[in-house]
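# sequence unknown, structure follows:
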């Protein structure tokens, strides 16, 4: 792994949900939009220090876990948009939280940041405050069919300044959960 590489475990947004999100990302943060696709991070490099242990845990938990549902909802930001602009992600079935509990058990140290999709990244967006102002109050969950999606796999990815690579896919072992 090169020094500039960042490895995550994440959920990639499926095409119908990703399309409007990618449009926003290209508008507000073309550098990051070109570098990596829209995704929901499950583990950050700063939380882990042992890839072998993390990937072993991912293999175990994903084999025993059923598919779960996430839904994009509203917009939030950090530091008036200077710290980033994000789409909130509702953890409908608790699957994201369950993954994090299992994957980030000690000796790992979880950070406290909600599930999200980044629209304007603080390192690469040219104008986070303008993005925040333009998107404040916007909701993506008016039609849950358009903003919600089933998660069937976890991806181990590596992002550099020049590339985004899926290193490994971890399919979830069960069938999608169905709600009445």
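Arrived safely, thanks for sending. Treat the numbers as computed from the prediction; the structure is a model and nothing was measured.
# use CA for all of it now, contacts and neighbours both
Will do.
# Return the distance of the helix or strand hosting residue 73 from the chain's centre.
Taking DSSP states H and E as the definition, one finds residue 73 inside strand 68-77. Computed by C-alpha atoms, centre = their mean, to the nearest Å, the chain-centroid distance of strand 68-77 equals 10 Å.
# contacting residues around the following helix or strand past that strand?
Elements were assigned by DSSP H and E; along the chain past strand 68-77, the next helix or strand is strand 85-91. The contact list for strand 85-91 (C-alpha atoms under 8 Å, 6 or more residues apart in numbering) reads 69-78, 97, 114-122, 128, 131-132.
# just the angle between strand 85-91 and strand 68-77, please?
Here strand 85-91 runs at an angle of 150 degrees relative to strand 68-77 (axes from the mean of the first three to the mean of the last three C-alpha atoms, to 10 degrees).
# so how far is strand 85-91 off the chain centroid?
9 Å.
# That strand pairs with which strands, parallel or anti?
According to DSSP bridges, strand 85-91 has the following sheet partners: strand 68-77 (antiparallel), strand 116-120 (antiparallel).
# Generate CSV for those, with mean neighbour count and mean pLDDT as supplementary columns.
Converted to CSV, the strands paired with strand 85-91 look like this (neighbours: other C-alpha atoms under 10 Å; pLDDT from 0 to 100):
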stretch, mean neighbour count, mean pLDDT
strand 68-77, 21, 95
strand 116-120, 27, 97
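# any idea which helix or strand comes after the helix or strand of the chain with the lowest mean pLDDT?
One helix or strand of the chain scores below all others by mean pLDDT, DSSP states H and E: helix 144-147, with a mean of 62. Next along the chain after helix 144-147, taking DSSP H and E as the criterion, comes strand 148-151.
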